[in-house]
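A.B. asks: My questions concern the predicted model and sequence given below.
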Amino acid sequence: MSDRNPPPNFRQLFIILGIFLIIIILIIQLISFLVDWGITYIPVSWEQKLGSIVVPIYEEKSEDSPQQQVLNQLLDRLESQIDDESIAKRDYRVIYIPEDTVNAFAIPGDVIGVFQGLVEKVNSENELMMILGHELGHFSHRDHLRGLGKALIIQIAIATVAGDNTLLSNSIGTITETISNSHYSRSQEYQADEYGLMLLNKTYGHVVGATDFFKHLDQKKALNWDFFSTHPASKKRVKRLNQLIEQQQYKIGSYSKLDPRLVNN
């Protein structure tokens, strides 16, 4: 007697698998769209409440130091140049983390995390200010929340399908890991660069040092700097900054030296 229900052949399996993958991709794209749309309407106060949960985790790694004081003074100078009305609702500050990691990142709650390793790599105040301005650009466009929201929603979806409640119970750890290893799209990085360039010009009246750190990153790919992995840098990115400088007719002035308290870590 012949088998009325023969097993599906490989072609059928591939078709089913392909349909399944397409559905997953469409769901992820829909989640991405909804997060991008929803982030726009999240009040700053909600973000700051999230920060009250996350920021203490980073504060445990930091210490009140001369370096942190200098960095906050520099950040205050940049913040004073922001025209956005929402600035009245924010209170930006730097957390200085005395570790060798070469990285800086935006943390919900108006905080920028800056590692000692990054400060040790910059050669001028202007170069450092461009980095801080770049991170303020991510705040302005709420990039840090978009990436965090997508990561959490995808994890919740996976946990729900897998029935693994431990993934959900470790949500705070997931948040901090996602923040520390934030990956932004090329367009998000370009926007943050443009924002930092604008603040640099407003602060000094010129933009010397705007591309310095990104040039360093392009030269140090082999060193696996964390900033390079989370903030993609390339010759194209530096080229685009130079084009913006030319288009906006920004001046190139003289470098400002780093505060001795940053140099003598």
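C.D. replies: Arrived safely.
A.B. asks: Where does the prediction get shaky in the stretch 1-150 of the chain?
C.D. replies: In the predicted model, the stretch 1-150 of the chain carries pLDDT under 70 at residues 1-9, 28, 35, 85-88, 147, 149-150.
A.B. asks: can you give me the strands in the stretch 101-250 of the chain?
C.D. replies: Under the criterion DSSP state E, counting those that start in this stretch, the stretch 101-250 of the chain contains strands at 104-107, 111-115.
A.B. asks: For those, please prepare CSV with the additional fields distance to P98 and mean neighbour count.
C.D. replies: Heads up, the C-betas are built off the backbone N, CA and C, glycines and all. Listed next are those as CSV, based on distance: least, CB to CB, whole Å; neighbours: other CB atoms under 10 Å:
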stretch, distance to P98, mean neighbour count
strand 104-107, 14, 24
strand 111-115, 8, 24
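A.B. asks: quick one: which of those strands is nearest I19?
C.D. replies: Among the strands of the stretch 101-250 of the chain, the nearest to I19 by CB to CB is strand 104-107 (38.3 Å).
A.B. asks: Could you find the closest non-adjacent residue to K202?
C.D. replies: Once flanking residues are discounted, K202 sits nearest to Q81: 3.9 Å by CB to CB, 6 or more residues apart in numbering.
A.B. asks: gap between the one you found and M198?
C.D. replies: 8 Å (CB to CB, to the nearest Å).
A.B. asks: Which residue of these two possesses the greater neighbour count?
C.D. replies: When Q81 and M198 are compared for neighbours, M198 comes out ahead with 19 against 16, by other CB atoms under 10 Å.
A.B. asks: residues touching that one, list them.
C.D. replies: Under the criterion of CB atoms under 8 Å, 6 or more residues apart in numbering, the contact list for M198 reads G133.
A.B. asks: could you redo the last one with a cut-off of 7 Å?
C.D. replies: For M198, no contacting residues are found, by CB atoms under 7 Å, 6 or more residues apart in numbering.
A.B. asks: Could you break the protein into its assigned domains?
C.D. replies: 9-41, 44-263 (automatic domain parsing).
A.B. asks: that older thread, tell me the spacing between the residue nearest to K202 and I131.
C.D. replies: Noted for Q81: a distance of 16 Å to I131, by CB to CB.
A.B. asks: One more: H216?
C.D. replies: Distance of H216 to I131, computed by CB to CB: 11 Å.
A.B. asks: Of those two, give the one with the bigger neighbour count.
C.D. replies: The neighbour comparison of H216 against I131 (other CB under 10 Å) goes to I131, with 24 against 19.
A.B. asks: Does the more buried one touch F105 like I think?
C.D. replies: No: contact criterion CB atoms under 7 Å: I131 and F105 do not qualify, at 10.7 Å.
A.B. asks: what's around the residue lying closest to Q188 once chain neighbours are set aside, how many residues?
C.D. replies: Nearest residue to Q188, sequence neighbours excluded (CB to CB, 6+ apart): D143, at 4.7 Å. Residues within reach of D143, counting by other CB under 10 Å, total 22.
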